[in-house]
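> What shape does this take:
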Amino acid sequence: MTEVHEADGSRLAELVAQPQMECVTATERLLLRFYRQLDEADQVFMRRAIEAMTARTVPG
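Below you'll find the predicted structure:
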């Protein structure tokens with residue numbers, strides 16, 4: 001079960017579920033840095049391309 005932490009700011013009365021932390025590999029860190037340096041249009045293009053590749057990938 002995921003821990004629940006109180007929200008910061010103006011919504012202190014509401015509870016917010018925080019995702020569990022995951023380790024990121026050096027390669028994943030480089031990909032994230034590259035992605036964050038792209039402008040918004042290029043980020044949209046990359047998201048669509050990755051979504052298309054994962055949609056046609058056959059597991060197994």
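> Can you list the neighbours in contact with the longest helix anywhere in the chain?
Of all segments of type helix in the chain, defined using DSSP state H, the longest is helix 40-56. The contact list for helix 40-56 (CB atoms under 8 Å, 6 or more residues apart in numbering) reads Tyr35, Leu38. Backbone N, C-alpha and C define where each C-beta goes, glycine included.
> any idea of the mean pLDDT in that helix?
Throughout helix 40-56, pLDDT has a mean value of 93.
> So which residue is dead centre in the protein?
Geometric centre of the chain, nearest residue: Leu32, 9.3 Å, by CA atoms, centre = their mean.
> Quickly find the element holding it.
When secondary structure is defined using DSSP states H and E, the element that contains Leu32 is helix 26-37.
> chain center to that helix: distance?
For helix 26-37, the separation from the chain centroid amounts to 12 Å (computed by CA atoms, centre = their mean, to the nearest Å).
> Stretch 26-46 now?
If you compare the mean C-alpha spot of stretch 26-46 with that of the full chain, they lie 11 Å apart, counting by CA atoms, centre = their mean.
> Give the buried residues for it.
Buried positions in stretch 26-46, judged by neighbour count with 16 or more other CB atoms under 10 Å: none.
> what about it, how long is it end to end?
Start and end residues of stretch 26-46 are separated by 20 Å (CA to CA, to the nearest Å).
> I figured the residue nearest to the centre of the chain was touching Thr25, is that so?
No: in this structure, Leu32 is not within contact of Thr25 by CB atoms under 8 Å, at 10.5 Å.
> Could you check the pLDDT of the residue nearest to the centre of the chain?
pLDDT, Leu32: 92.
> can you pull the contacts of it?
Contacts of Leu32 (CB under 8 Å, 6+ apart): Val24.
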